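Undergrad: Structure for this input, please:
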Amino acid sequence: MIEKRAATERGQGEHGWLTSFHSFSFADYHDPRHMGFGPLRVINEDRVAPGAGFGTHGHRDMEILSYVLEGALAHRDDIGNGSTIRPGDVQRMSAGRGVRHSENNPSRDERVHFLQIWIEPDKRGIDPGYEEAHVGPEAKRGKLALIAGPAGAGGAVRIQQDARIYAGLFDDDEVAQLPIAPGRRAYVHVARGAVEVNGTPLGAGDAVKLVDERDVRLAHGHGAEVLVFDLP
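TA: Reported below is the predicted structural model:
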């Protein structure tokens, strides 16, 4: 079964300094049909104005990933981490038993465009943690690179859940295929550009849920940057 989730159906928050599109229920956007997909709880597409950002706030028991598409994002937290990530970087913060952090756009003249992703962990009350890695375009061109996964999976960063997140870049005749094991499901989100997923045309912000499918097939891309979630 393949179910399309059109970009235009997402929730939207407009706050002046922030424009955010919500693939799943978040903040003031609530839709009981879209509360998450397996342990995937949040995909927010955020654009933050120069010099603005999310002030210090807290989280618990969530794996929070940031994936930058344009600009730069500065991170600070109360467990001693501070860094600025840019396109190609993936950042993982395990909130665990509690962490406070801020995320800001350090630029004076360019907005930052990024995806904020929340994965529910398979254990609660773990120690909070932080990790980041760079996965350059050469690792994603015409193929899927594992940017996050559980311990031992070989992902660029590690998450506390039996889920795997892949990123890929696709143009023209570039194709990729990812098997889906029996009993698992997949979610594909198009960050930008256009691509066909199992024959379904998708544009920027569109997504598909795949249940009882043997694989994910990506083809006919045009400037496409795609995230694929392999989920229990």
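
Undergrad: And the strand ranked longest in the chain, how far out from the chain middle?
TA: Assignment by DSSP state E gives strand 215-231 as the longest strand of the chain. Relative to the centre of its chain, strand 215-231 is centred 13 Å away, using C-alpha atoms, centre = their mean, to the nearest Å.

Undergrad: residues in contact with H22?
TA: By C-beta atoms under 8 Å, 6 or more residues apart in numbering, the contact list for H22 reads 10-13, 29, 42-44. The C-beta positions use only the backbone N, C-alpha and C, and glycine is treated the same way.

Undergrad: how does it look with 6 Å?
TA: 10-11, 29, 44 (C-beta atoms under 6 Å, 6 or more residues apart in numbering).

Undergrad: which one of those residues is nearest V208?
TA: R10 (13.7 Å; C-beta to C-beta).

Undergrad: Spatially, which residue comes closest to the closest one, not counting chain neighbours?
TA: F21 (4.6 Å; C-beta to C-beta, 6 or more residues apart in numbering).

Undergrad: Pairing partners for the one you found in the sheet, please.
TA: F21 forms beta bridges with Q12, E45, as assigned by DSSP bridges.

Undergrad: Then R158?
TA: When bridges are called by DSSP bridges, R158 pairs up with G149.

Undergrad: Just the pLDDT at P121, thanks.
TA: We note a pLDDT of 97 for P121 in this prediction.

Undergrad: give me the number of residues near D109?
TA: A count of nearby residues for D109, using other C-beta atoms under 10 Å, gives 6.

Undergrad: which residue packs closest to it, ignoring adjacent ones?
TA: D109 sits nearest to P50 (C-beta to C-beta, 6+ apart), 5.5 Å away.
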